[in-house]
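Asks: got a structure for you, letters missing:
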């Protein structure tokens, strides 16, 4: 990011100066991609700038973040402003959907979901940066069908959660078997997932283009996932030339 | 055949004006009012002063009632409702029922002036706590207090130090389904804000709005004076939540002009509730077969060029029965309906 | 002149009744049925016996009592195992037939909401795959996590309105050898707890009268597709959802209000893993401290994985900064099970929680030292190879 004019830390620079070097056509193309999604029409009607969404939003209290400004920007179809938010703001959203109290029935959180997907699909550096440290999570859920598995509770990963994390990590194997439900005696997954179920999940990821999205935003992660999935699917007799 | 009378359903401002108009032209009318008193919603809801000129509402309604009571051309039937109707333009047969009896009345034309009811805050999308907090009240609750010249917090009887209005409650909201502006609430809130400031000079008054709808002369009759003379604070940004913190209410919104979330304490919050069709409006629509619009107001068929004609010939509607209307609208459309109704009666007589 | 007393229209005299005839939205029940008639999908009907509750607009929602297929939650099963265990334990204690499947994936909200590493089709396909798997077993899906629940309501909405999406998902299901199945209702387990509250109370053995509690409703439960949540006139006048509060009141707890009731817990999704300062600050400053200051509760009860995690795990680091924290957090299912006599460690698995729960147990007259010793004994038997697992029998179910 060197050479680009920077806004003061913690503030959102809506002048768009820092992205002046990006082709306007590119910004418009990405805006259009958001608008073309089948979900868009139900996420944005009109906006009368009432601020209810900001009032309800937890992220607005902590970050320099405004669901109203994002909804307004999309309503105005302002590609320059859109590009700023796409890179510098959308990852602050907590996806809580408190903003769904909008009287026009807009969903700024929904618009942000679409913007994030566009950022990922197009391999934006800001998306990759936001998902740094998240790769392991995506790997886990996509390859095993669950996430936040017991073995992820390591003291060095969650030092701020308290000393019990260390106890859990040290006693993990025994403590997992000391849980009554038969499906939960697992450590690498949150519950026991059938082999057939995993296969079905892999097929879904492939058939819906999610693997292509991963490839754009994290090549390394994509390759590991690809290996794991291809191997399993081949074992199950699936031809990997998907259309 | 001699002229049949015009039936005017509803004895509120619109109904009374329509009746007066019909009588002045020299035709007869029957006014059917379900309550035992004329005056409509301004009377029922104890309005203090009318918007925008601050006339005493009670006096104004009494004056209108006096103009028709005792007029030989006007027959007022209180405590009565219309329960059935048949016939067509020039000759309708309606059943008028009161607590004692049911009677068939023949009329030449009908004017529906059954008005509106205020929005119930329980259906509001935002969390305003009207059913939880004593100090969250509506414009109507405040009117009552203004009429008694005693504005205090219902919770403890003390005068408020901070009072706010929240606009557009029940209106302009796709989630509620009332996708219209109720027209009068901005004017009423501004008017009430002036009245509160006059009554309680130590009370800070705020109005939280999306847009201030200050049509025509309201701009400098009430909007400017409320800001300039009475120092009412207008904040562009509406509230999403009202909670209790300690013994005061906490209003959460965004101050959009300043671009920051806002959480402010208030002693009283006044919800500027919008208009919805009254039960009478919906009933009369069913009885006469007049088309209702998607909000269940009576649909007028001529757009801007015919504001009182319904889908049934000879049946007219005026005032808030056709949609949100202020007093000026109601008085004007009532006269229009009166004139057109008389024309129907006259035409029928001449044809026979 | 109006009498003084007539001026004050007090809240307690105001009565609100939701009228379904005034509901502004289409009734999703009608559209789901219509699409079945058109051959778009098969509707998985709620089995009898079921209870009928009202949703936000006064429409009826069916909640199954048994024959339930439990759509588990990653975070619960992974980090708060007592949460899901309690749900199963209550089912067993009440003698209800249920299915705990292994043919179930996460709802994948960690992809869709948290990291945008998914899309509408993938999301819907994952949901429909799980629903088809449930229907194949003959058991009716109930959802453990509020996010999965909100998520699946959104998916239903998208599938109802987009023939293109339906076509796409149906094709994917076909490739997996599965039918396209839409459940008649998307049910959250806390709605089940709500309808079962009287039966739970019948089995109550721990006196909780006077125990002070605050509750936290999950954003994804009542704000995301907010119509489809349970409301009851006797709880908050049907102005706020009835879940959790109804159970606690039935069990005799003193449920206390606080000024940030509607606030999000601050989970944020990816924030809880990679931007924890946000989650922590929010949970502590907007929720925990406000609750402690205004309501002085003994326990905080919520009904979602993310909320339990955020509210519980945010307190430790905050304590190091002398914040006003130290409020034990658990799910409605854990509290209900505890009330019915469930073991605090074998069933509630409280040793996976962060905030100190021992004062709470002491207040309820539960000997936690003895209970912990019992658990450790059982764990030791596993460690030494004497037995493989801690069983349901050991938990009296």
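Replies: Received the coordinates, thanks. What you see is a predicted model, and the numbers here were worked out from it, not measured in a lab.
Asks: all contacts plus neighbour counts: C-alpha atoms, from now on.
Replies: Fine.
Asks: what parts of chain B come near chain A?
Replies: Within chain B, the positions adjacent to chain A are B:125-126, B:172-176, B:209-210, B:236-241, B:252-256, B:261-262 by Cα under 8 Å from any Cα of the partner chain.
Asks: so which of those are also by chain C?
Replies: Within the residues of chain B next to chain A, those near chain C by Cα under 8 Å from any Cα are B:174, B:175, B:176.
Asks: the second one belongs to a strand?
Replies: Translated: residue B:175. No. Assessed with DSSP: H, G, I helix; E, B strand; the rest coil, residue B:175 is coil; it does not lie in a strand.
Asks: check contacts around it.
Replies: Taking Cα atoms under 8 Å, 6 or more residues apart in numbering or on different chains, we find residue B:175 in contact with A:103, A:104, A:105, B:125, C:24, C:25.
Asks: how many residues are close by the fourth one?
Replies: Other residues within reach of residue B:125 by the criterion other Cα atoms under 10 Å in any protein chain shown amount to 21.
Asks: thought it was touching residue A:99?
Replies: No. Counting by Cα atoms under 8 Å, residue B:125 does not reach residue A:99; the two are 11.7 Å apart.
Asks: center of the chain, which residue is that?
Replies: Went with chain A since none was named. residue A:116 (6.7 Å; Cα atoms, centre = their mean).
Asks: looking at chain C here, not the other one
Replies: residue C:303 (3.6 Å).
Asks: quick check: closest non-adjacent residue to that residue.
Replies: Excluding the flanking residues, the one nearest residue C:303 by Cα to Cα, 6 or more residues apart in numbering or on different chains is residue C:331, at 5.2 Å.
Asks: so the one you found makes contact with residue C:307?
Replies: No. Counting by Cα under 8 Å, residue C:331 sits too far from residue C:307 to count as a contact (9.2 Å).
Asks: so residue B:32 bridges to which residues?
Replies: Applying DSSP bridges to residue B:32 gives these bridge partners: residue B:9, residue B:77.
Asks: how many neighbouring residues does it have?
Replies: Neighbourhood size, residue B:32 [other Cα under 10 Å]: 27.
Asks: contact partners for it?
Replies: Counted by Cα under 8 Å, 6+ apart, residue B:32 has contacts B:7-11, B:76-82, B:96.
Asks: mind doing that once more with 10 Å?
Replies: B:7-11, B:15, B:38, B:75-82, B:96-98, B:112-114 (Cα atoms under 10 Å, 6 or more residues apart in numbering or on different chains).
Asks: of those residues, select the buried ones using a PyMOL command.
Replies: A single PyMOL command selects the buried members of the contacts of residue B:32 (16 or more other Cα atoms under 10 Å in any protein chain shown):
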select buried, chain B and resi 7+8+9+10+11+15+38+75+76+77+78+79+80+81+82+96+97+98+112+113+114
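Asks: filter the contacts of residue B:32 down to the ones in helices?
Replies: Among these, DSSP state H puts residue B:15 in helices.
Asks: between residue C:331 and residue C:307, which contacts overlap?
Replies: The contact lists of residue C:331 and residue C:307 share C:216, C:301, where a contact means Cα under 10 Å, 6+ apart.
Asks: any idea which element residue C:277 lies in?
Replies: If you go by DSSP states H and E, residue C:277 is part of helix C:276-282.
Asks: chain center to that helix, what's the gap?
Replies: Between the mean C-alpha location of helix C:276-282 and the chain-wide mean there is a distance of 22 Å, by Cα atoms, centre = their mean, to the nearest Å.
Asks: tell me what the following helix or strand past that helix is packed against?
Replies: Following helix C:276-282 in sequence order, the next helix or strand is helix C:289-295 (DSSP H and E). If you count contacts as 3 or more Cα pairs under 10 Å, 6 or more residues apart in numbering or on different chains; DSSP states H and E, helix C:289-295 packs onto strand C:212-216, strand C:299-302.
Asks: does residue A:198 belong to a helix, a strand or coil?
Replies: helix.
Asks: ok, now residue A:229?
Replies: Using three-state DSSP, the structure places residue A:229 in helix.
Asks: interface residues of the stretch 51-200 of chain C facing chain B?
Replies: Proximity of the stretch 51-200 of chain C to chain B is confined to C:56, C:57 under the rule Cα under 10 Å from any Cα of the partner chain.
Asks: quick one, helices of the stretch 51-200 of chain C?
Replies: Here the stretch 51-200 of chain C has its helices, by DSSP state H, counting those that start in this stretch, at C:74-79, C:81-93, C:109-112, C:120-137, C:146-161, C:163-175, C:189-195, C:197-202.
Asks: got the contact list for the shortest one?
Replies: Okay, so that is helix C:109-112. Helix C:109-112 has contacts (Cα under 10 Å, 6+ apart) with A:113-114, A:116-117, A:134, A:137-138, A:141-142, A:146-148, A:210, C:74, C:115-120, C:122-123, C:147-148, C:151-152, C:269-270.
Asks: just the ones in strands from those residues, please.
Replies: Using DSSP state E, no member of the contacts of helix C:109-112 sits in strands.
Asks: just the buried ones among the residues you listed, please.
Replies: Buried among the contacts of helix C:109-112 (16+ other Cα under 10 Å): A:113-114, A:116-117, A:134, A:137-138, A:141-142, A:146-148, A:210, C:74, C:115-120, C:122-123, C:147-148, C:151-152, C:269-270.
Asks: now do residue C:219 against chain B, distance only.
Replies: Note on residue C:219: its distance to chain B, by Cα to the nearest Cα, to the nearest Å, is 14 Å.
Asks: and that residue, how many neighbours?
Replies: Going by other Cα under 10 Å, the residues that sit close to residue C:219 add up to 23.
Asks: which ones are touching it?
Replies: A:95-98, C:146-147, C:150, C:226, C:262-266, C:304, C:307.
Asks: residue C:313: which of the helices of the stretch 51-200 of chain C is closest?
Replies: helix C:74-79 (10.8 Å; Cα to Cα).
Asks: the closest one packs against which elements?
Replies: helix C:81-93, helix C:305-313.
Asks: output those helices in a markdown table; the columns should cover distance to residue B:303 and mean neighbour count.
Replies: Shown next, in a markdown table, are the helices and strands packed on helix C:74-79 (distance: least, Cα to Cα, whole Å; neighbours: other Cα atoms under 10 Å in any protein chain shown):
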| stretch | distance to residue B:303 | mean neighbour count |
| --- | --- | --- |
| helix C:81-93 | 59 | 25 |
| helix C:305-313 | 52 | 25 |
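Asks: redo those as a markdown table? Include distance to chain A and mean pLDDT.
Replies: Formatted as a markdown table, those follow (distance: least, Cα to the nearest Cα, whole Å; pLDDT from 0 to 100):
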| stretch | distance to chain A | mean pLDDT |
| --- | --- | --- |
| helix C:81-93 | 6 | 98 |
| helix C:305-313 | 5 | 96 |
